[in-house]
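Participant: Next one to model:
(2 chains)
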Amino acid sequence: MDTYYNPRDLGKFVDMGKGNKELWDKFMSYYSAVFAEGALTEREKALIALGVSHAVQCPYCIDAYTQACLEKGSDAEEMTEAVHVACAIRGGASLVHGVQMRNAIEKLSM
Amino acid sequence: MGLTLVARNNPLASSREQLKRLAATQACVPFGERLARAKLAPLQATGISVFQINVGKFCNQSCRHCHVDAGPERSEQMTRETAELCIKALALTDIPTVDITGGAPELNANFRWLVAQARALGRHVLDRCNLSVLLLKPQAGLTEFLARHQVEIIASLPYFRPAQTDAQRGDGVFDKSITALHMLNRLGYGMEGTGLSLNLVYNPVGAFLPPKQEAIEAQFRRELAQRHGITFNHLYTITNMPISRFLEFLLESGNYEGYMERLANAFNPSAAAGVMCRYTLSVGWEGTLYDCDFNQMLDLRLARGLPQHIRDFDATKLHSRPIVTANHCYGCTAGAGSSCGGAVT
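Facilitator: Numbering: from 1, shown residues only, chains lettered A, B, ... in the order given. Just a heads-up that it's a prediction; the model follows:
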């Protein structure tokens, strides 16, 4: 069955370099630098990436960073907390817009 | 019914069946071809600095990833006669390290004799210990014995939280492991200045590669100290080999091809050049010789023309022998590499 998302397509990510190699190379160089050990450990960065993957709801990223987190030494407990962080921020982002709603109510109401 | 492949009459209990499955892998080119591409074929030994003795398959645990298919229902055990042949061969050499494994090696009736003999020859002795064995009543005095002989302990502990450890090694094993580690610390194991080395082994609890050794070691050191007041010397990361019970898990969970692809994609020529089979000789419970403990479990014997049994041990012939390989060898060459002493690079 055709679907928009195919797990095997993650392996074709590199094909994005075929359209514009220079931009691809720059992106990959930046990407590698971002995930290298720095002030944050590789493990911490993978947990952030896992949370962001859920926030942007990218199935490729979720697969890739679930594996990456396990391979950096995290467990389901830590990874679940990372997903809850993403969930809380997404939920909070919706809820904080309620202030905009309240401002509108106040303006429109007698 | 026991948990071993043998007790369950699982076809994978046969090494031939495992080799057949490994050879049919779609996700990677044959290991020998990959070695040739890296200009490392044929892989050859560079000497023998580790004399590894597998004293049998009997174990008080039945870990889900066990490459030996060890367990309480296994009865294969090295006899005193074979143990004597090992010591006789060892005495002819200056091999510095004797690595004793199993099963739970301590449960072999000749374990303490082997340790004492190897130490009397002045060799450094490693005990690959599952920790819980130290708490068994018939093993009273074992930790003191190990300390007295300055045996280095290589202890399995896949994670610093109970869930993962018990998922891999059996219910309640984490708590027993912590108790055993406390016992060892009390004797001076893992403490600076005592000369008693306590090294932990991390195995991934699933179909993924281990973390960087230094990163997970730092995490274990912090977590075990904070949560349990435990100290240790080093932590070694070991990649799970796609054989025996871990192979069964991979096949049943639909992870086999993906795992092999992951191993093959992570093939590291530097790791391949430093694999442990190049400096190890592995002796089976019956005295048969192998390039490593994994080949032993697949019954991949030494190359033709070489001595095949410890009674025919000849260091000169074995020194630069060609190593027998198959697709499971991708497990030792992935990423930073994997050996009984942890990462290779």
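
Participant: Next, A:Asn106: secondary structure please.
Facilitator: Rather than Asn, residue A:106 is Glu. Classification of A:Glu106 by DSSP: H, G, I helix; E, B strand; the rest coil places it in helix.

Participant: Count the neighbours of it for me.
Facilitator: For A:Glu106, the count of nearby residues is 8 (other Cβ atoms under 10 Å in any protein chain shown). Bear in mind the C-beta positions are built from the backbone N, C-alpha and C, glycine included.

Participant: Tell me the gap between stretch B:272-289 and the middle of its chain.
Facilitator: Averaging C-alpha coordinates over stretch B:272-289 and over its chain gives two centres that are 11 Å apart (Cα atoms, centre = their mean, to the nearest Å).

Participant: Report the separation between the two terminal residues of it.
Facilitator: End-to-end span of stretch B:272-289 (Cα to Cα, to the nearest Å): 21 Å.

Participant: Phi and psi next, for B:Leu281.
Facilitator: B:Leu281 adopts backbone torsions of phi -120, psi 130, taken as degrees, to the nearest 10.

Participant: Next up, the contacts around it.
Facilitator: By Cβ atoms under 8 Å, 6 or more residues apart in numbering or on different chains, B:Leu281 lies in contact with B:48, B:50-52, B:95, B:289-291, B:318.

Participant: who wins for neighbours among those residues?
Facilitator: Most crowded among the contacts of B:Leu281, counting by other Cβ under 10 Å, is B:Asp291 at 28 neighbours.

Participant: Tell me which of the contacts of B:Leu281 fall in strands.
Facilitator: With strands taken from DSSP state E, the overlap with the contacts of B:Leu281 comprises B:50-52, B:289-290.

Participant: what sits up against stretch A:65-83?
Facilitator: A:41-43, A:46-51, A:53-54, B:159, B:161, B:163-164, B:204, B:206, B:208-212, B:215-216, B:219.

Participant: What is the distance between it and the centre of its chain?
Facilitator: Worked out by Cα atoms, centre = their mean, stretch A:65-83 lies 13 Å from the chain centre.

Participant: tell me the contacts of B:Pro242?
Facilitator: Shown in contact with B:Pro242 (Cβ under 8 Å, 6+ apart): B:22, B:250, B:256, B:259-260, B:263, B:327-328, B:330-331.

Participant: any idea which of the contacts of B:Leu281 is closest to B:Val275?
Facilitator: Using Cβ to Cβ, B:Asp291 comes nearest to B:Val275 of the contacts of B:Leu281, at 9.4 Å.

Participant: tell me the contacts of residue 46?
Facilitator: Unless you meant another one, I'm taking chain A. Counting by Cβ under 8 Å, 6+ apart, A:Ala46 makes contact with A:35, A:65, A:68-69, A:72, A:74.

Participant: actually chain B
Facilitator: B:278-279, B:320.

Participant: Without its sequence neighbours, what residue ends up closest to the closest residue to chain B within chain A?
Facilitator: Of all residues in chain A, A:Gly73 sits closest to chain B, at 3.9 Å by Cβ to the nearest Cβ. Nearest residue to A:Gly73, sequence neighbours excluded (Cβ to Cβ, 6 or more residues apart in numbering or on different chains): B:Pro211, at 3.9 Å.

Participant: what stretches of chain A score poorly on pLDDT?
Facilitator: Applying pLDDT under 70 to chain A flags residues A:1.

Participant: Now do the SS call for the closest residue to B:Ala27 other than its chain neighbours.
Facilitator: Nearest residue to B:Ala27, sequence neighbours excluded (Cβ to Cβ, 6+ apart): B:Glu261, at 3.7 Å. At B:Glu261 the chain is in helix, as set by three-state DSSP.

Participant: from what I can see B:Glu261 touches B:Cys28, true?
Facilitator: Yes - applying Cβ atoms under 8 Å, one finds B:Glu261 in contact with B:Cys28, separated by 6.4 Å.

Participant: Let me see the contact set for the nearest residue to B:Thr4 once chain neighbours are set aside.
Facilitator: Closest residue in space to B:Thr4, ignoring its immediate chain neighbours: B:Gly71 at 4.1 Å, by Cβ to Cβ, 6+ apart. By Cβ under 8 Å, 6+ apart, the residues touching B:Gly71 are B:2-4, B:7, B:57-59, B:61-62.

Participant: By neighbours, which of those residues wins?
Facilitator: Going by other Cβ under 10 Å, B:Cys59 tops the contacts of B:Gly71 with 25 neighbours.

Participant: For the closest residue to that one other than its chain neighbours, grab the count of nearby residues.
Facilitator: Spatial nearest neighbour of B:Cys59, chain neighbours left out: B:Ala70 (3.9 Å); criterion: Cβ to Cβ, 6+ apart. Number of residues near B:Ala70 (other Cβ under 10 Å) recorded here: 29.

Participant: Wait, B:Ala70 touches B:Asn60, no?
Facilitator: No - assessed by Cβ under 8 Å, B:Ala70 is found out of contact with B:Asn60, at 9.5 Å.

Participant: Could you list the residues of the stretch 151-300 of chain B in contact with chain A?
Facilitator: B:159, B:161, B:163-164, B:204, B:206, B:208-212, B:215-216, B:219 (Cβ under 8 Å from any Cβ of the partner chain).

Participant: Quickly list what B:Ala334 is bridged to.
Facilitator: Taking DSSP bridges as the rule, B:Ala334 bridges to B:Phe267.

Participant: Give me the subset of the contacts of stretch A:65-83 that lies in strands.
Facilitator: Per DSSP E, these never map to strands.

Participant: Which of those residues are buried? Put it as a PyMOL command.
Facilitator: Restricted to buried positions by 16 or more other Cβ atoms under 10 Å in any protein chain shown, the PyMOL selection for the contacts of stretch A:65-83 reads:
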select buried, (chain A and resi 41+42+43+46+47+49+50+51+53+54) or (chain B and resi 159+164+204+206+208+209+210+211+212+215+216+219)
